[in-house]
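**Q** I would like the atomic coordinates for the input below:
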Amino acid sequence: MQTEKTDVLVIGAGPAGTVAGAIVNKAGYKVRVVEKMKFPRFVIGESLLPRCMEALEEAELLDSVLEQSFQRKTGAKFVRDGVICDYSFSDQFTDGWDHAYQVTRADFDKALADGLEAKGVPIDYETTVTAIKFNDDGSSVTTITDAQGDEKQIEAKFIIDGSGYGRVIPRLFGLDKPSNLPPRKAVFVHTKDVNRQMDDEPDRITIVVHKPDIWVWIIPFATGITSVGFVGDPAFFEKYSGSPEEIMRSLIADEPYIAERMKGIEYLWEPRVLQSWSATTEKFFGNGFVLTGNVTEFLDPVFSSGVTLATVSSQIAGKLVVRQLQGEKVDWEKEYTEVMMQGVNTFRSYVMGWYDTTLHTIFFAKDQNPDIKKMICSVLAGYVWDTDNTYVREHDTALKKLAKTIKLRDSIEYINNGFKEKG
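**A** Residues are numbered from 1 along each chain as shown. Presented below is the predicted three-dimensional model:
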């Protein structure tokens, strides 16, 4: 069997793999990437956050993205029963990027992969990892199979697993474990959004509260195409029947905010379904490997955390791998797992707060405190590692306290107004 050697083997050519590969390559080490799919390929996660732009910039892949002329994204808009809450990334607590982009992922991922190849890093597409053997010193021998069924081995000093939903190392070594988030379902489609001007929102993602536990994403692209998806409890979708297109049209017809805008418009492909996506793993690293991106933990699409966690985890992991290859002692638990769990757990608190309606209370409150809104805006921008921000540092309690205060204030105001009317 043919054997090749590299310093670092990267599994997966998505945002996680390309960012990690670019950072390691920039440090002068030999990198090789294997990718199961053929690019371009479709995947969700179309609305980027400002924090991930920093990772792309450090990986020197930002120019590859900017060349695509994607839709600039300057904030996030939330809608419930006609009430609108707008967050502008230029008005956030944390110093950082004030914009990101809304991207067709097939084009975005291909741009990153092409940018990495342009740096001299080879990518083997349609190549599957079938086995990995780790040696005591952390080096490894990986068996791969290409599209023609030919096998070969790759010897590496270190492996970065950015395989996303493929979860290669967790699957091969039994590291997967259940997420603590309930299973949810998404039904989504790309539309020819000819009536976009009705809602004046091409520069941001819009999230609509359809029911307390059902929401809609609306992500306009620069091409005039818009991504629309309904997300929530799988049982909600059981009342809809018919073909995938008939179900999608019924869902849209039942949501007043987009019913007229999306009425009768063309779908670019048959609506698709994704469900039970939340996943996690027992550990984020081991002797000779590190997991990045969705291989570590994928939460939920509601706050577009997926690509940010993917790129930032790879930004951090790539630099730690370089240090280890240079002979430094790396404390992977402290410098990687604890750092990543800070971000993951902050996003998790906001995801849980969204579905239990804590965040509904906050987002749609009257007379919002501008300083608090800035801090929450920073989380929505992906700055979930800024512990100077109270709503990051105390993510597990601050939202509940704020919602309780808002409800108490509204109750007092309601009672006072009642006395005034009687008087």
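**Q** can you show me the helices along the stretch 101-250 of the chain?
**A** If DSSP state H, counting those that start in this stretch is used as the criterion, the helices of the stretch 101-250 of the chain fall at 105-118, 168-173, 244-253.
**Q** let me have these in TSV, extended by mean pLDDT, mean neighbour count and distance to Gly264.
**A** Where you see a C-beta, it was placed from the backbone N, CA and C, and this is true even at glycine. Conversion of these to TSV gives the following (pLDDT from 0 to 100; neighbours: other C-beta atoms under 10 Å; distance: least, C-beta to C-beta, whole Å):
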stretch	mean pLDDT	mean neighbour count	distance to Gly264
helix 105-118	97	20	26
helix 168-173	93	19	43
helix 244-253	96	18	8
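**Q** what residues does the residue nearest to the spatial centre of the chain make contact with?
**A** Closest to where the C-alpha atoms of the chain average out (C-alpha atoms, centre = their mean) is Gly306, at 1.4 Å. When contacts are counted by C-beta atoms under 8 Å, 6 or more residues apart in numbering, Gly306 touches 45, 294, 298-299.
**Q** quick check: which element contains it?
**A** helix 305-325 (DSSP states H and E).
**Q** averaged pLDDT, that helix. What do you get?
**A** Taken as a whole, helix 305-325 carries a mean pLDDT of 96.
**Q** pull the distance from it to the chain's centre.
**A** 14 Å (C-alpha atoms, centre = their mean, to the nearest Å).
**Q** next structured bit after that helix?
**A** Per DSSP H and E, the helix or strand that comes after helix 305-325 is helix 332.
**Q** CA-only coordinates of the helix holding Gly306 in CSV, if you can.
**A** The C-alpha coordinates for helix 305-325 follow below in CSV (Å, rounded to 0.1, in the frame of the first residue of the first chain):
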residue,chain,number,x,y,z
SER,A,305,-22.9,30.0,16.0
GLY,A,306,-21.8,27.0,13.8
VAL,A,307,-19.3,28.7,11.5
THR,A,308,-18.0,31.0,14.2
LEU,A,309,-17.3,28.0,16.6
ALA,A,310,-15.7,26.1,13.6
THR,A,311,-13.4,28.9,12.5
VAL,A,312,-12.4,30.1,16.0
SER,A,313,-11.8,26.6,17.3
SER,A,314,-9.5,26.0,14.3
GLN,A,315,-7.8,29.3,14.8
ILE,A,316,-6.9,28.4,18.4
ALA,A,317,-6.2,24.7,17.6
GLY,A,318,-4.0,25.5,14.6
LYS,A,319,-1.7,27.8,16.7
LEU,A,320,-1.5,25.2,19.5
VAL,A,321,-0.5,22.5,17.1
VAL,A,322,2.2,24.7,15.7
ARG,A,323,3.5,25.3,19.3
GLN,A,324,3.5,21.6,20.0
LEU,A,325,5.3,20.8,16.8
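**Q** and that helix with helix 105-118, angle?
**A** Here helix 305-325 runs at an angle of 20 degrees relative to helix 105-118 (axes from the mean of the first three to the mean of the last three C-alpha atoms, to 10 degrees).
**Q** so Asp176 makes contact with Thr281?
**A** Yes: with contacts counted by C-beta atoms under 8 Å, Asp176 reaches Thr281, the gap being 5.8 Å.
**Q** and those two? which has more neighbours close in?
**A** Thr281 (20 against 14; other C-beta atoms under 10 Å).
**Q** that one against Lys177, yeah?
**A** Yes: applying C-beta under 8 Å, one finds Thr281 in contact with Lys177, separated by 6.4 Å.
**Q** any stretches of this protein with poor pLDDT?
**A** For the chain, residues meeting the criterion pLDDT under 70 lie at 200, 276-279, 295-297, 413-414, 416-423.
**Q** how about the helices of the stretch 101-250 of the chain in a markdown table, adding distance to Arg196?
**A** A markdown table is the format used below for those (distance: least, C-beta to C-beta, whole Å):
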| stretch | distance to Arg196 |
| --- | --- |
| helix 105-118 | 19 |
| helix 168-173 | 39 |
| helix 244-253 | 15 |
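**Q** on that earlier part again, what is in contact with Asp176 and Thr281 at once?
**A** Here Asp176 and Thr281 have 167, 170 as joint contacts, going by C-beta under 8 Å, 6+ apart.
**Q** Glu4 looks like it's in a helix, true?
**A** No: assessed with DSSP: H, G, I helix; E, B strand; the rest coil, Glu4 is strand; it does not lie in a helix.
**Q** what is the closest residue to it other than its chain neighbours paired to in the beta sheet?
**A** Leaving out its chain neighbours, the residue that sits closest to Glu4 by C-beta to C-beta, 6 or more residues apart in numbering is Ile154, at 5.3 Å. Judged by DSSP bridges, the bridge partners of Ile154 are Glu4, Thr142.
**Q** tell me who's in contact with Ile154.
**A** Contacts of Ile154 (C-beta under 8 Å, 6+ apart): 3-6, 9, 32, 34, 141-142, 144.
**Q** what's the burial count for Lys329?
**A** Residues near Lys329, counting by other C-beta under 10 Å: 6.
**Q** and for Gly28, the neighbour number?
**A** 10.
**Q** mind checking how far it is from Ile316?
**A** 19 Å (C-beta to C-beta, to the nearest Å).
**Q** what residues sit buried inside stretch 369-389?
**A** 372-386, 389 (16 or more other C-beta atoms under 10 Å).
**Q** need the residues that contact it.
**A** Here stretch 369-389 has contacts from 49-52, 75-76, 87-89, 91-94, 96-97, 100, 303, 305, 308, 312, 339, 342-343, 346-347, 350, 362, 390-393, 395, 402, using C-beta under 8 Å, 6+ apart.
**Q** let's see which of these end up in strands.
**A** Of the contacts of stretch 369-389, the ones assigned to strands by DSSP state E are 75-76, 87-88, 100.
**Q** how about those in JSON lines, adding distance to Asp107?
**A** Shown next, in JSON lines, are those (distance: C-beta to C-beta, whole Å):
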{"residue": "Gly75", "distance to Asp107": "22"}
{"residue": "Ala76", "distance to Asp107": "22"}
{"residue": "Tyr87", "distance to Asp107": "26"}
{"residue": "Ser88", "distance to Asp107": "26"}
{"residue": "Ala100", "distance to Asp107": "15"}
